[in-house]
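What shape does this take:
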Amino acid sequence: MTTEHPHHPVHVTQIPVRWGDMDALGHVNNTVYFRYAEQARIDWLAAQGILDIVDVDEGPVIVNASCTFLRPITFPATVEVRTLIGKPGRSSLPTFYEMRCVGAGDDATLYAEGAAKIVWWNPKTGKSLPLPDFIRRMYPHD
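All right, here's what the predicted structure looks like:
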């Protein structure tokens with residue numbers, strides 16, 4: 001994946017493909033890839049304790065998401081989603097996702113890659129807030 005900032009790996013999640021994830025064409029429906037990225041993001045945030053501190057006054061929200069579908073995923077499979085982060089902004093953190101199928105002998109093949117921007121915000125006011133320092137520290141300094 002090419003972007004203007006280097007990516008720093010922060011988490012790996014494995015998700016079994018469910019029969020119901022497939023569409024009429026016999027492969028995982030495009031919308032499900034976004035669910036896989038969401039699950040990986042939630043697993044990562046939970047592992048950092050971020051979900052434990054989220055309350056009604058502040059927390060993360062997604063402001064955009066994208067996915068490039070490179071190869072179809074079919075049942076049965078286990079999808080490994082690698083979560084990476086980019087350089088933090090004032091109130092935002094770019095996140096990136098690499099999806100591979102594991103356990104089938106070709107764990108290196110990239111099936112999809114995506115991105116989502118997390119913004120730290122106040123849900124009562126709808127305004128962004130500066131990222132907490134502990135999130136900034138997750139990105140290695142130059």
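
For the host helix or strand of Asn64, give the mean pLDDT please.
Assigned by DSSP states H and E, Asn64 falls within strand 59-69. For strand 59-69, the mean pLDDT works out to 95.

the bottom helix or strand of the protein by mean pLDDT?
Lowest on mean pLDDT, DSSP states H and E among the helices and strands of the chain sits helix 50-53, with a mean of 70.

where in this structure is pLDDT low?
For the chain, the stretches flagged by pLDDT under 70 are 1-5, 52-56, 104-106, 141-142.

nearest spatial neighbour of Ala65, skipping sequence neighbours?
Leaving aside its sequence neighbours, Ala65 sits nearest to Ala116 (C-beta to C-beta, 6 or more residues apart in numbering; 4.2 Å). The way it works is simple: take the backbone N, C-alpha and C, and place the C-beta from them, glycine included.

That neighbour falls within a strand, correct?
Yes. Per DSSP: H, G, I helix; E, B strand; the rest coil, Ala116 lies within a strand segment.

That one and Thr109: what is the separation?
Applying C-beta to C-beta, to the nearest Å, the value for Ala116 to Thr109 is 22 Å.

who has more neighbours, these two?
With neighbours defined as other C-beta atoms under 10 Å, Ala116 and Thr109 compare such that Ala116 has more, 21 against 12.

Perfect, that will be all.
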